[in-house]
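S.K.: Below: sequence and its predicted model.
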Amino acid sequence: MEQQKLMSLLSDMSLDEKTGELFQIPSYFFNNDMVTGPAVEMGITPEELRVCGSCLSVIGARKLRDIQKAHIQRHPHHIPMLFMADIINGYRTVFPIPLAQSCTFDPALAEKCASIAASEAAAAGLHVTFSPMADLVRDARWGRVMESAGEDPYLSGLMAAAMVRGYQGEDNDLSKKGALAACLKHFAGYGAPEGGRDYNTVELSERTLTEDYLPAYQKAIDAGCALVMTSFNTLNRIPSTANRHLMREILRDKMLFDGVLISDWCAVSELIPHGIAADEKEAAALALNAGVDIDMASPVYLKNLKGMVKQKLIDERLIDEAVLRILTLKNRLGLFENPYKDGSEEDENKLLLCTAHRQQARDCAEKSFVLLKNEDGFLPLNREKESVAFIGPFADNLLLSGSWSFFGDDKDCVTLKEGVTRSYPEAAAFFAQGCPTVNPGTEVLGFQKVPPKEDFDLQDALDTAIQLARKADRVILALGEHRDYSGEGASRTHITLPSCQLELFHKICEVNPNVGVILFNGRPLDICEIAQRAKAILEAWLPGVEGGNALARVLYGDASPSGRLSMSFPRCVGQVPIYYNHMSTGRPFSGDYRTTRYNSKYLDAPNEPLYPFGYGLTYTDFAYSKLCLDSDVLHPDDGICASVEVTNTGTRPGTETVQLYLHDVSASVTRPVRELKGFCKVSLKPGESRRVSFRITEEMLRFYDIHMNYVSEPGQFEVFIGPDSASGSKGVFTLVQSDT
Ligand code: GLC
């Protein structure tokens, strides 16, 4: 539909229709009787329902077709609804959680996964996904780190932009078959809650917000994301959903976002408990003035805006601008011509969980695993010569899909046991659970309450596991946190494994010295006890439907681990928040913390994490030559080349992620001790070498200076090229003043 027609449609719409367009119906309205169910409890009349603009979390081509058909018939102007849902790491083919995907350091891979997710969700009748989540995270206590791309702005931005391209297509033509409109979230700074406690207060200076937290959102906006979602948190005492400065002056005017702004779940009504709105009228006015177009799942707009316009408390033009952005999105999706878009039961049957999609899920999982320890080449296992006991609550566990996978089916997952026995039937592999996932008697508060298994005989399970371990040549312990121990509303004050799992670990180590551990978790954990005693540690995160197949191939060496940590592993929760791109302080310290006092350090622990950002091992070894710079002077209008030679010095092929970091030694404000500015994955055969080069330009050196101008400043810079954020070879160059 031409824009002109859209404008005339807007001018024909009644105020009821316009306020209805701003309301997003929660899914449970449709899962119940529309006359006596929650809609009535919420006071929504049938007349109001027939003009609502969108709904969320309802899925299925047939169901959405029926809903849409009835809706456009009832609607006075036959305006179709938008169907939105959380397609976070896959629809029915569930991929590794986003944190795991970011450990691939492979944006193209994430883009491919997003594209598959979009094709499945579009076939199921959906139009919009509430993804990518681009919140920068530095605190493993926060459960939603599992949805993020970790602690680095550069990597997070690349992953967010890749997912937008995957969902929307390179050309952002949302009307194309298989395209899904992407909704960037949660704007802004949601990943920095005080104490790591979900929904808690966020205090960020303008400089920190702009320098560290906004860049990843900006990359998603530059990639064309069609929507942005407000975050639950306050930012410097003002809730994002009411934050006019953040939403109009920063998001729209400065970051140039011109799409639909949707609140998070009931975040408009939550302005009241935030203590910034005395009632729903004030909440409606604050959110609308901030530029929030859609009120998700709360009827504050629906029930208040019309009266406020009539009492001249709200300028109707604000409503018109919001409605126009929503109509424009519907128009971009082609819904006025085809309100059912790609919904097709035939395509659902063909696409959902098809072999090619499963193959992609397995490929992604393999590349997301991070090998944290591998003493004496413990891994890979030798299936011809060794008997292996796979023990632990994740040895045969279907809950591999993370907490945002409710459109998948846990039964679709391939467990570790299935993966091993199907892929390597000849291998001498034995399995035992050993202990429950959570401590006995613990109730897991997920989307559904999971009561503790009453019939679980703890002693028997432990004895069986110990007997198995005694007889086996090697043991693989499959440990981790329940998938509902991460995700929304899942902040933790302790980030260790449950004591029942640690007890199992130590008991097994007592009867067999050859123990390796696979971790299934949604956040970095405190695994010091494990690291002290296990011969090998493979971080598998929550690997999705193909987890078991991917793990079998990596454990038996048909695939090599190549993942790198996108988030630091702390030694203990006392170090949190911990991240590699920190400031130096006036008393920087590294080394033995017991040898000195008056430095920026702890009495009882080192400053360094157990495993740093960018870290990960492979089944081979790589050597780096000395860093070479083609000049030690950088002219602003030129560039210099930094390079190293990387050699596979081991006996197996492997993929190394060569990382480029820069450090601005002295500037008008303090600068991080390192900043990731580039990376390159190289696959080398044993003995093979490759020179890896990075071009360093003046643009890469820019930051927000003392006056908040985005500039570079002449002076000395250090450059590091290496396998992670804590090592690598170093060079030095000087940025000179521009000649002009
Ligand atoms: C939730 C989440 C948000 C999600 C939305 C819709 O509360 O914060 O990420 O997209 O509600 O389910």
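M.R.: Alright, I've got the coordinates.
S.K.: wait, isn't F717 in contact with T734?
M.R.: Yes: with contacts defined as CB atoms under 8 Å, F717 counts as touching T734 at a distance of 7.2 Å. C-beta coordinates here come from the backbone N, C-alpha and C atoms, glycine included.
S.K.: list residues touching both of the two?
M.R.: Residues touching both F717 and T734 by CB atoms under 8 Å, 6 or more residues apart in numbering: L634.
S.K.: more crowded one of those two?
M.R.: Shown here are F717 and T734; by other CB atoms under 10 Å, F717 has more neighbours (23 against 13).
S.K.: so what pLDDT did that one get?
M.R.: Here the pLDDT value assigned to F717 is 98.
S.K.: What does it show for phi and psi?
M.R.: Backbone torsions of F717, given as degrees, to the nearest 10, read phi -130, psi 150.
S.K.: mind checking how far it is from A223?
M.R.: 29 Å (CB to CB, to the nearest Å).
S.K.: now F589
M.R.: 40 Å.
S.K.: and what of C354?
M.R.: If you measure C354 against A223 using CB to CB, the figure is 27 Å.
S.K.: When F589 and A223 are compared, which one has more neighbours?
M.R.: Taking F589 and A223 together and counting by other CB under 10 Å, A223 has the greater number of neighbours (23 against 17).
S.K.: quick one: contacts for the more buried one?
M.R.: Applying CB under 8 Å, 6+ apart, we find A223 in contact with 160-162, 164-165, 168.
S.K.: Let's see that with 10 Å instead.
M.R.: Shown in contact with A223 (CB atoms under 10 Å, 6 or more residues apart in numbering): 111, 132, 157, 160-168, 170, 172, 182, 184.
S.K.: From these, list the buried ones, please.
M.R.: With neighbours counted using 16 or more other CB atoms under 10 Å, the contacts of A223 contain these buried positions: 111, 132, 157, 160-168, 172, 182, 184.
S.K.: Just the ones of these in helices?
M.R.: Per DSSP state H, helices hold the following members of these: 111, 157, 160-168.
S.K.: now the strands: where do they sit in the stretch 301-450 of the chain?
M.R.: Ranges of strands within the stretch 301-450 of the chain are 370-374, 387-391, 428-432, 444-445, 449-450, based on DSSP state E, counting those that start in this stretch.
S.K.: in its sheet, what does the third one sit against?
M.R.: For strand 428-432, the paired strands and their directions (DSSP bridges) are strand 387-391 (parallel).
S.K.: again, but for the fourth one
M.R.: Strands that pair with strand 444-445, judged by DSSP bridges, come out as strand 449-450 (antiparallel).
S.K.: so who does the residue of the stretch 601-740 of the chain found nearest the ligand touch?
M.R.: Closest to the ligand within the stretch 601-740 of the chain is F613: 24.4 Å, counting by CB to the nearest ligand atom. Contact partners of F613, counting by CB under 10 Å, 6+ apart, are 150-152, 155, 564-569, 578-581, 659, 661, 674, 676, 724-726.
S.K.: same deal with E47?
M.R.: E47 makes contact with 16, 20, 74 under the criterion CB under 10 Å, 6+ apart.
S.K.: Surely it forms part of a helix?
M.R.: Yes: the assignment for E47 is a helix, going by DSSP: H, G, I helix; E, B strand; the rest coil.
S.K.: Tell me the pLDDT of it.
M.R.: Among the per-residue scores, E47 holds a pLDDT of 91.
S.K.: any idea how far A226 lies from the ligand?
M.R.: Computed as CB to the nearest ligand atom, to the nearest Å, the A226 to the ligand distance reads 15 Å.
S.K.: Pull up the gap between the residue nearest to that residue when sequence neighbours are not counted and the ligand, please.
M.R.: In space, A226 comes closest to A181 once its chain neighbours are excluded; the distance is 4.0 Å by CB to CB, 6 or more residues apart in numbering. With distances defined as CB to the nearest ligand atom, the gap from A181 to the ligand amounts to 13 Å.
S.K.: Is A181 bridged to anything, and to what?
M.R.: With DSSP bridges as the criterion, A181 is bridged to V128.
S.K.: can you count the residues close to the residue nearest to G715 when sequence neighbours are not counted?
M.R.: Closest residue to G715 apart from its sequence neighbours, by CB to CB, 6+ apart: S666 at 5.6 Å. Number of residues near S666 (other CB under 10 Å) recorded here: 10.
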